[in-house]
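Engineer: how would this look folded up:
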Amino acid sequence: MPSLLDRIVRLWPAEGPLSTPSGQRVALGVAIALLASVPLALSRTSIAAGVADVVLVALLVLVSAVYLARDEQDVWERFRDVAILAALVLGVVYATWLLGLILPGVPPYLLPIPLAPILATLLLNARVGIIVAVVGVSVGVLFGVLSGAHVVGSLLACVAGVTAVSVIGERSRLISAGGLVIAVTGGAALGSTLIEGGLWRESLAAGGLGLLGGALTVVLMLGLLPAFELVFGVTTDVRLLELANPAHPLLKRLMMEAPGTYSHSVITGNLAESAALQIGASGLLARVGAYYHDVGKIRRPRFFVENQAGAQNPHDNTSPSLSALIITAHVREGVELAEEYRLPQEIVDIVRQHHGTSMVTYFYNKAAAAGGPVYEADFRYAGERPRSREAALVMLADSCEAAVRSTTKPTPPRIEEVVRKVVSGKLADHQLDLANLTIAEIETVIGVYTRMLASVYHPRVEYPDVVSGRDKHAGQRNEPSRA
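Structural biologist: This next block holds a predicted model:
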């Protein structure tokens, strides 16, 4: 489903300066500078001070924009990400201004200053979170909320918050991250007050208020994060962790109605995640996308070999063209289920793209062997080719796992041969043209998949049913060896 931001952008004119990405970013930058300067200018008693505030804020926005354009191109090129930054920066400015008006003289350590950097880290990345931290602390200084040692204490709390949430690999990290933010905020408040000349009693009271401020930051973070996800259509690691839970209704359906597909999806997820981590892609997104990539098979699970469990194959009594139609339909049906269960767009894209426009070779060859005209287009998936590295990794993991599973005597050299054949076929069929994978990264992926599949599908030792000489030595079974 399109986010609220997507719907707003669609209302903009198709032509004109706001119709281009660069024009949209420039417009946002100007809007940030102007809107952020208003409360600062109003808080000054002289025109010169107000003008100085406008200049300082404009320079702050300009330097941040240059950094994004130069070192954070992934963020800079997405209008959504720049809009998130605009919302966070303006939120910091106006929240600081309003709190100064409503609660004059409020202790700085009671304010949720690390909130915006933490949200920026969860929604974008840690480097952008540090930029937002600098902006937030600078705004606090301009408004007179922060001064002296409290500036250092606030920066310390922001850096701790950014570091704590920069990698959320499991739900328990949210709890430990929140605890770290609370502890560091309290410690920074205590230390800053001592440095400013406060007595121990005052410093301990400040530390207590810092703990309260840190707790307020964590509560606001947990409350605002879903709102940002909804408005801007962002899929955070926290949301992905929720989707990775086997108790999710759609995963539970897959597990119960198509258990063979579920098992295949788990192995595919492990492959895709391992490869993603090796090449610097999002391992969590690749794993969760792999979990859901075949959910369309829920509609007709018995038409897929992994769910037949030795039963008769329904394709034996079906024409090759109809079989191909049933097989390829699982992509479209998977997209429908993903949208029905309101999965994030990144996951929906992986479901839609995990077969690209590949050919269902088995049924194509079967139809060709039967004679008569055979049209290649009738045996190709009608999806989209992968447009992200994560979607490409899921495509390759899906195909490699299925190919190796059907291989007789899967020795490591044989497994590598099969993996290379699958990857070469996808490259020759131009399925990876849009995925932004380099040759070096593809070689890394081949190595990862070969190693992991060899550990899963290695040859087993055949255990005999009857031990030789068992009857002869039956009376000695309970006696220890004296050798």
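Engineer: care to break the protein down by domain?
Structural biologist: Residue ranges for the structural domains of the chain, counted by automatic domain parsing, are given in the record as 4-233, 239-456.
Engineer: now do the same end-to-end measure for the shortest one.
Structural biologist: Which is domain 239-456. End-to-end span of domain 239-456 (C-alpha to C-alpha, to the nearest Å): 29 Å.
Engineer: about what we covered before: so can I have a markdown table of the domains of the chain showing mean pLDDT and mean neighbour count?
Structural biologist: All C-beta spots, glycine's among them, are computed from the backbone N, C-alpha and C. As requested, these are exported to a markdown table (pLDDT from 0 to 100; neighbours: other C-beta atoms under 10 Å):
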| stretch | mean pLDDT | mean neighbour count |
| --- | --- | --- |
| domain 4-233 | 79 | 18 |
| domain 239-456 | 92 | 19 |
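Engineer: Quick check: residue 434 vs residue 205, distance?
Structural biologist: Here the criterion is C-beta to C-beta, to the nearest Å. By it, residue 434 lies 59 Å from residue 205.
Engineer: Please read the previous query as pertaining to residue 153.
Structural biologist: Here residue 153 is placed at a distance of 15 Å from residue 205 (C-beta to C-beta).
Engineer: Over to residue 372?
Structural biologist: Distance, residue 372 to residue 205, using C-beta to C-beta: 88 Å.
Engineer: Residue 166 too?
Structural biologist: Taking C-beta to C-beta, one finds residue 166 at 32 Å from residue 205.
Engineer: swap in residue 381?
Structural biologist: Distance from residue 381 to residue 205, counting by C-beta to C-beta: 66 Å.
Engineer: what do you get for residue 285?
Structural biologist: Distance from residue 285 to residue 205, by C-beta to C-beta: 45 Å.
Engineer: send the alpha carbons of stretch 325-345 over as PDB?
Structural biologist: Output of stretch 325-345 as PDB, limited to C-alpha atoms (Å, rounded to 0.1, in the frame of the first residue of the first chain):
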ATOM      1  CA  LEU A 325       0.300 -21.300 -15.800                       C
ATOM      2  CA  ILE A 326      -0.300 -22.800 -12.300                       C
ATOM      3  CA  ILE A 327       3.400 -22.600 -11.400                       C
ATOM      4  CA  THR A 328       3.900 -19.000 -12.500                       C
ATOM      5  CA  ALA A 329       0.700 -17.900 -10.900                       C
ATOM      6  CA  HIS A 330       2.200 -18.300  -7.400                       C
ATOM      7  CA  VAL A 331       4.100 -15.000  -7.800                       C
ATOM      8  CA  ARG A 332       0.900 -13.000  -8.500                       C
ATOM      9  CA  GLU A 333      -1.000 -14.800  -5.800                       C
ATOM     10  CA  GLY A 334       2.000 -14.200  -3.400                       C
ATOM     11  CA  VAL A 335       1.800 -10.500  -4.100                       C
ATOM     12  CA  GLU A 336      -1.900 -10.500  -3.400                       C
ATOM     13  CA  LEU A 337      -1.400 -12.300  -0.100                       C
ATOM     14  CA  ALA A 338       1.500 -10.000   0.900                       C
ATOM     15  CA  GLU A 339      -0.700  -6.900   0.300                       C
ATOM     16  CA  GLU A 340      -3.700  -8.500   2.000                       C
ATOM     17  CA  TYR A 341      -1.500  -9.000   5.200                       C
ATOM     18  CA  ARG A 342      -0.100  -5.500   4.800                       C
ATOM     19  CA  LEU A 343       3.500  -6.500   4.400                       C
ATOM     20  CA  PRO A 344       6.000  -3.700   3.700                       C
ATOM     21  CA  GLN A 345       6.700  -2.700   0.200                       C
END
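Engineer: centre of the chain versus that stretch, how much separation?
Structural biologist: Its chain's average C-alpha position is 20 Å from that of stretch 325-345, according to C-alpha atoms, centre = their mean, to the nearest Å.
Engineer: Please, which helix or strand holds residue 334?
Structural biologist: Take DSSP states H and E as the rule and residue 334 turns out to sit in helix 320-340.
Engineer: And for residue 206?
Structural biologist: According to DSSP H and E, residue 206 maps onto helix 200-232.
Engineer: Tell me the helix or strand right after that helix.
Structural biologist: helix 237-243.
Engineer: from the middle of its chain, how far away would whatever helix or strand comes next after that following helix be?
Structural biologist: For helix 237-243, the following helix or strand on the C-terminal side (DSSP H and E) is helix 249-257. The chain centroid and the centroid of helix 249-257 are separated by 22 Å, computed with C-alpha atoms, centre = their mean.
Engineer: next one: stretch 155-170
Structural biologist: Distance of stretch 155-170 from its chain centroid, counting by C-alpha atoms, centre = their mean, is 17 Å.
Engineer: which residues are contacting it?
Structural biologist: Contact with stretch 155-170 is made by 113-114, 117-118, 120-122, 125-126, 129-130, 133-134, 136-137, 173-174, 176-178, 180-181, 184-185, 188, 214, 217, 237-238, 241, 284, as judged by C-beta atoms under 8 Å, 6 or more residues apart in numbering.
Engineer: picking that back up, the helix holding residue 206 packs against which elements?
Structural biologist: Applying 3 or more C-beta pairs under 8 Å, 6 or more residues apart in numbering; DSSP states H and E, one finds that helix 200-232 contacts helix 4-10, helix 79-102, helix 115-123, helix 172-195.
Engineer: Just the angle for the helix holding residue 334 relative to helix 249-257, thanks.
Structural biologist: If you take axes from the mean of the first three to the mean of the last three C-alpha atoms, to 10 degrees, helix 320-340 sits at 140 degrees to helix 249-257.
Engineer: Who are the packing partners of helix 320-340?
Structural biologist: Short answer (3+ C-beta pairs under 8 Å, 6+ apart): helix 320-340 packs on helix 345-353, helix 361-369.
Engineer: will you turn the helices and strands packed on helix 200-232 into TSV that also has distance to residue 301?
Structural biologist: Shown next, in TSV, are the helices and strands packed on helix 200-232 (distance: least, C-beta to C-beta, whole Å):
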stretch	distance to residue 301
helix 4-10	34
helix 79-102	37
helix 115-123	37
helix 172-195	34
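Engineer: Let's check: the centremost residue of this protein is which one?
Structural biologist: The centre of the chain sits closest to residue 285, judged by C-alpha atoms, centre = their mean, with a distance of 4.2 Å.
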